[in-house]
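Undergrad: no FASTA, just this:
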């Protein structure tokens, strides 16, 4: 730290910018999502690093990757932001004049094409309706749903335990593709079979953040006749694409992951049988409110337009 330089206290918008950059793997893409300039985003993330006294990202040209400290901090930053938003909402509803708000958890790849259009259209039809959005990994969504801190969660390929615990509405199915480093021997192919990757190391989403995803990968590879050698696990698709680009291994990701910046890696179509992810809306068991029923119906209608499986 420079002598006499005071970065000031850590602020919520700095945490939000850090989470966006970590999820998207790009300062530029994060700035676009948060509606700020790229220099402003870079400056606030740098101030957060200075205040914490640790480096959260390594920076190489247009790409960023989380450091070990950044990977440690990411789920905690998400938790802080979600706790703050939940507390504010509860205060407004309990002691202020705020109307009842629907709280929806989601995965960032579905924000632009699914969540935002649905919420925008619902608000046009029901002007009194408020919807609070929480960008969280599936496990965090499910934990908050169970605690009554979310009304609904957008999740995929749940394990049997979670399938029994919540009411589930199937929304759409999405095909997987292979994510390969640009230098990979098969990167120039138009398509490949999953079995052709049997000798490669694999990067996977962790069960800590994505319940059941490790077994899902193993099942898909077993259908192709081999056991995947999983050498690295991460807690977001953006981090997985970054690990692939860095040469840590290959991965299978939903095709809609192409929306996430993925410089340094190539997405290649998989030949039949193609693994498929099923997107679902999870809610607490019991009779849903009219507002939640309307939200579910709108999400189901919109999701059908996006399905590719």
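TA: Done, it's in. The shown structure was predicted, so the numbers you read here are calculated from the model rather than taken from an experiment.
Undergrad: burial of residue 190, as a residue count?
TA: 7 (other CB atoms under 10 Å). C-beta: built from backbone N, CA, C; applies to glycine.
Undergrad: cool, the one 4 residues further on as well?
TA: Using other CB under 10 Å as the criterion, residue 194 is surrounded by 24 other residues.
Undergrad: Same question for residue 107.
TA: Neighbour count of residue 107, defined by other CB under 10 Å: 24.
Undergrad: Now for the closest residue in space to it that isn't next to it in sequence, which secondary structure element holds it?
TA: Of all residues not flanking residue 107 in the chain, residue 154 sits nearest, at 6.0 Å (CB to CB, 6 or more residues apart in numbering). Assessed by DSSP states H and E, residue 154 sits inside strand 152-156.
Undergrad: gap between that strand and the chain center?
TA: Offset of strand 152-156 from its chain centre (CA atoms, centre = their mean, to the nearest Å): 11 Å.
Undergrad: which other helices and strands contact that strand?
TA: strand 101-106, helix 138-146, strand 276-283, helix 290-306 (3 or more CB pairs under 8 Å, 6 or more residues apart in numbering; DSSP states H and E).
Undergrad: Any buried residues in it, and which?
TA: Residues of strand 152-156 classed as buried: 152, 153, 154, 155, 156 (neighbour count, 16 or more other CB atoms under 10 Å).
Undergrad: Also stretch 224-243?
TA: Buried residues in stretch 224-243, counting neighbours by 16+ other CB under 10 Å, are found at 224, 228, 230, 232-243.
Undergrad: okay, how far is it across that stretch, tip to tip?
TA: Using CA to CA, to the nearest Å, the end-to-end distance of stretch 224-243 comes out at 23 Å.
Undergrad: about what we covered before: now the helices and strands packed on strand 152-156 as a markdown table including mean pLDDT and distance to residue 29?
TA: As requested, the helices and strands packed on strand 152-156 are exported to a markdown table (pLDDT from 0 to 100; distance: least, CB to CB, whole Å):
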| stretch | mean pLDDT | distance to residue 29 |
| --- | --- | --- |
| strand 101-106 | 88 | 17 |
| helix 138-146 | 88 | 22 |
| strand 276-283 | 88 | 22 |
| helix 290-306 | 84 | 20 |
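Undergrad: which one of the ones you listed lies closest to residue 189?
TA: strand 276-283 (20.6 Å; CB to CB).
Undergrad: circling back to that earlier point, pLDDT added to the buried residues of strand 152-156, as TSV?
TA: As requested, the buried residues of strand 152-156 are exported to TSV (pLDDT from 0 to 100):
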residue	pLDDT
152	93
153	93
154	91
155	89
156	82
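Undergrad: re earlier: narrow the buried residues of stretch 224-243 to those in strands?
TA: 230, 232, 233, 234 (DSSP state E).
Undergrad: ok, and what's touching stretch 266-274?
TA: 175-182, 184, 186-187, 189-194, 223-224, 252-253, 255, 257-258, 309 (CB atoms under 8 Å, 6 or more residues apart in numbering).
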